[in-house]
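S.K.: Curious how this folds, go ahead:
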Amino acid sequence: QLVESGGGSVQPGGSLRLSCAVSTTDFYTTGWFRQAPGKEREGVSCLSDIGDNPTYINSVKGRFTVSRDYVKNLVYLQMHDLKPEDTGIYYCAAYTPSRYCDVQPGPYVYWGQGTQVTVSS
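M.R.: This is a model prediction of the structure:
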């Protein structure tokens, strides 16, 4: 089971850190996705089963960082320099262990309920 937290409302240029509690000690491949109103869900970032090979979509490169704490069973998405187009519901997801992750939603089996991120002045 996956549970996200850390969403909120910020002004453009602000920062947020999302957390995803992972109720397993297995080394699952994890990813972050978002869905804006009226748009399809898109992948944002992902991390391999052992926490390396982070992948980001171009629009968040240099601003977002994904990481995982295997002791606390948490996956983080640190977001800086947020823009209005980053607004949406953010979901974490997981699938079976893999050395390389995918930002496409297809492989993901486990999904959280999502947390709202709103970037507005």
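S.K.: all contacts plus neighbour counts: C-alpha atoms, from now on.
M.R.: Noted.
S.K.: The residue nearest the centre of the chain and G7, how far apart?
M.R.: The centre of the chain sits closest to W32, judged by C-alpha atoms, centre = their mean, with a distance of 2.4 Å. From W32 over to G7 the distance is 13 Å, taken as C-alpha to C-alpha, to the nearest Å.
S.K.: next one: G114
M.R.: 9 Å.
S.K.: Please enumerate the strands of this protein.
M.R.: Using DSSP state E, the strands assigned to the chain run over residues 2-5, 8-10, 16-22, 29-35, 42-47, 55-56, 64-69, 74-79, 88-95, 110-111, 115-119.
S.K.: Ok, which of these comes nearest Q104?
M.R.: Nearest to Q104 among the strands of the chain is strand 42-47 (5.7 Å), distances taken as C-alpha to C-alpha.
S.K.: ok and that closest one relative to strand 74-79, angle-wise?
M.R.: 120 degrees (axes from the mean of the first three to the mean of the last three C-alpha atoms, to 10 degrees).
S.K.: partners of strand 42-47, with directions?
M.R.: Strand 42-47 has its sheet partners listed here by DSSP bridges as strand 29-35 (antiparallel), strand 55-56 (antiparallel).
S.K.: how long is stretch 67-78 from one end to the other?
M.R.: 8 Å.
S.K.: residues of that stretch that come out buried?
M.R.: Burial within stretch 67-78, assessed by neighbour count using 16 or more other C-alpha atoms under 10 Å, is assigned to S67, R68, L74, V75, Y76, L77, Q78.
S.K.: same question, stretch 2-11
M.R.: Buried residues in stretch 2-11, counting neighbours by 16+ other C-alpha under 10 Å, are found at L2, V3, E4, S5, G6, G7, V10.
S.K.: same thing with stretch 16-36?
M.R.: Buried positions in stretch 16-36, judged by neighbour count with 16+ other C-alpha under 10 Å: 16-22, 27-36.
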